[in-house]
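S.K.: Need the 3D shape of this:
(one chain, ligands or ions: 2)
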Amino acid sequence: MKVTVIGAGAVGATCADNIARKELASEVVLLDIKEGVAEGKAIDMMQTAALLGFDTKIKGVTNDYAATANSDVVVITSGMPRKPGMTREELIGVNAGIVKSVTENILKYSAEPIIIVVSNPMDTMNYLTYKTSGLPKNKVIGMGGALDSARFRYYLSQELKCSPADLNAVVIGGHGDTTMIPLIKHATWGSKPVVDFLSEEQQKKIVADTMVGGATLTKLIGTSAWYAPGAGTAAMVESILRDEKKLISCGVYLEGEYGQQDISLVVPVVLGRNGWEQIVELDLSEEEKAAFQKSADAVRTMNDVLKTL
Ligand SMILES: NC(=O)c1ccc[n+]([C@@H]2O[C@H](COP(=O)([O-])OP(=O)(O)OC[C@H]3O[C@@H](n4cnc5c(N)ncnc54)[C@H](O)[C@@H]3O)[C@@H](O)[C@H]2O)c1
Ligand SMILES: O=C(O)C[C@H](O)C(=O)O
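M.R.: Ligands and ions are numbered 1, 2, ... in the order given. From the prediction side, this is the model:
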């Protein structure tokens, strides 16, 4: 199995590192536009192989798409991250051009890879990649829900004083500060609803903290996060390449599901060797449905911006 990661910055390099450590592929190609960066990071990671005991070969290249030929999965992380005070949506002007040209270049060398889009604003970048690539819709998948759901489980576990591994909790909607919807009423600890253990005030705080989870880290670090984003992306690669059929919230192109058309939004999907293989429709309350519609409206507004660039 071969995985290409475009963008050898914070998220791309962390993702490649996770993939290699878990030996999810025999070969990982790391590509960046900045001379030497991908080569250097790939060699640095390869020098951990003797210490960590993995066999995956990581090769770094500067904009050489021939090296990405016949990739099974391509992860797009290229583009600008936000700075404190910015929204993800403000990155659209710079990142749309990057994501579009990267998608075109990938497809010159890999006929039908599964593409995972990480670059922000993710919902619109995933939509753009789907439209640009002409790939089947199940092969273009946005990363955002895996991360947001992991953050949701983190905040829940802090309040419940339990292991995040024992929590089942999903985020749907958009991957934006105001568009994501942490479904707290659906979340469970073991088989018990978490709301049985939390006051209304605690629930509101967990939801709010989850929604601004990325912004909180951006403020602390000065640029956006990479450990959980890299791990979230690698978890998606793992479910795909090992055909695990894990249920993971991902950005997918909707054609009627959740009442939406011609849009990419985050919903729970089964991830396997064919990409996303099934969309799972949750039984949403009227309030949750309205929140989903509001997210869709906001993401559609951003998608419309693409026409003006
Ligand atoms: N979807 C998510 O959940 C999520 C999570 C974290 C970050 N992100 C997004 O991922 C992107 C990357 O974040 P980061 O922290 O790794 O940023 P970064 O600045 O550390 O890395 C980005 C890399 O992309 C490279 N690049 C730029 N244009 C390129 C091109 N045309 N071809 C190849 N490489 C190119 C840059 O040289 C840089 O090395 C940002 O847009 C960020 O907002 C999304
Ligand atoms: O917050 C960001 O801008 C990066 C990413 O989308 C995140 O949620 O960490």
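S.K.: Could you give the number of residues near the residue in the stretch 151-300 of the chain positioned nearest to ligand 1?
M.R.: The stretch 151-300 of the chain approaches ligand 1 most closely through Pro229 (3.4 Å), counting by CB to the nearest ligand atom. Using the backbone N, CA and C atoms, a C-beta is placed for each residue, glycine as well. Counted with other CB atoms under 10 Å, residues neighbouring Pro229 total 25.
S.K.: Could you do the one 5 residues further on as well?
M.R.: Burial measure for Ala234: 26 neighbouring residues, criterion other CB under 10 Å.
S.K.: swap in Ser119?
M.R.: Counted with other CB under 10 Å, Ser119 comes out at 31.
S.K.: Skipping its backbone neighbours, what lies nearest it in space?
M.R.: Computed as CB to CB, 6 or more residues apart in numbering, the closest residue to Ser119 that is not its neighbour in sequence is Gly79, at 4.0 Å.
S.K.: pLDDT wise, what is that neighbour at?
M.R.: pLDDT, Gly79: 98.
S.K.: again, but for Asp283
M.R.: For Asp283, pLDDT reads 98.
S.K.: can you list the residues of the stretch 101-250 of the chain near ligand 2?
M.R.: Asn120, Leu147, Gly214, Thr218, Ser224, Ala225, Pro229 (CB under 6 Å from any ligand atom).
S.K.: now these in CSV, with pLDDT, secondary structure and distance to Ser157?
M.R.: Listed next are these as CSV, based on pLDDT from 0 to 100; DSSP: H, G, I helix; E, B strand; the rest coil; distance: CB to CB, whole Å:
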residue, pLDDT, secondary structure, distance to Ser157
Asn120, 98, coil, 26
Leu147, 98, helix, 16
Gly214, 98, helix, 18
Thr218, 98, helix, 22
Ser224, 98, coil, 22
Ala225, 98, coil, 18
Pro229, 98, helix, 19
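S.K.: and which of those is nearest to Ala16?
M.R.: Nearest to Ala16 among those: Pro229, at 12.6 Å, using CB to CB.
S.K.: Please report how far that closest one lies from Ser239.
M.R.: 16 Å (CB to CB, to the nearest Å).
S.K.: Confirm Val75 sits in a strand?
M.R.: Yes - counting by DSSP: H, G, I helix; E, B strand; the rest coil, Val75 is found in a strand.
S.K.: Is there a neighbour count for it? I'd like the number.
M.R.: 32.
S.K.: Beta-bridge partners for it, please?
M.R.: Val5, Ile116 (DSSP bridges).
S.K.: Touching, it and Ser119? I think so.
M.R.: No - when contacts are counted by CB atoms under 8 Å, Val75 is not listed as touching Ser119 (9.9 Å).
S.K.: does Leu51 belong to a helix or a strand, and which?
M.R.: helix 49-52 (DSSP states H and E).
S.K.: actually Leu31, sorry about that
M.R.: Judged by DSSP H and E, Leu31 forms part of strand 27-32.
S.K.: Can you give the strand pairings for that strand, parallel or anti for each?
M.R.: strand 2-6 (parallel), strand 57-62 (parallel).
S.K.: quick one, which of those is packed in tightest?
M.R.: strand 2-6 (a mean of 29; mean count of other CB atoms under 10 Å).
S.K.: Report the rounded mean pLDDT for that strand.
M.R.: 98.
S.K.: Now do that strand: everything it contacts.
M.R.: Strand 2-6 has contacts (CB atoms under 8 Å, 6 or more residues apart in numbering) with 12-13, 15-16, 19, 24-32, 68, 70-78, 102, 106, 110, 113, 237, 241.
S.K.: Among the residues you listed, name the buried ones.
M.R.: When the contacts of strand 2-6 are checked for burial by 16 or more other CB atoms under 10 Å, the buried set is 12-13, 15-16, 19, 24-25, 27-32, 68, 71-78, 102, 106, 110, 113, 237, 241.
S.K.: Next up, the contacts around Asn18.
M.R.: Gly230, Ala231, Thr233, Ala234.
S.K.: Swap in 6 Å and give it another go.
M.R.: Asn18 makes contacts with Gly230, Ala231, Ala234, as judged by CB atoms under 6 Å, 6 or more residues apart in numbering.
S.K.: For ligand 2, what is the nearest residue in the chain?
M.R.: For the chain, CB to the nearest ligand atom, closest residue to ligand 2: Gly214, 2.4 Å.
S.K.: and that residue, how many neighbours does it have?
M.R.: If we define neighbours as other CB under 10 Å, then Gly214 has 26 of them.
S.K.: From Gly36, how far off is it?
M.R.: 29 Å.
S.K.: Quick one: name the residues of the chain near ligand 1.
M.R.: 6-12, 31-34, 37, 77-82, 91, 95, 98, 102, 118-120, 122, 143-144, 147, 175, 223-226, 229.
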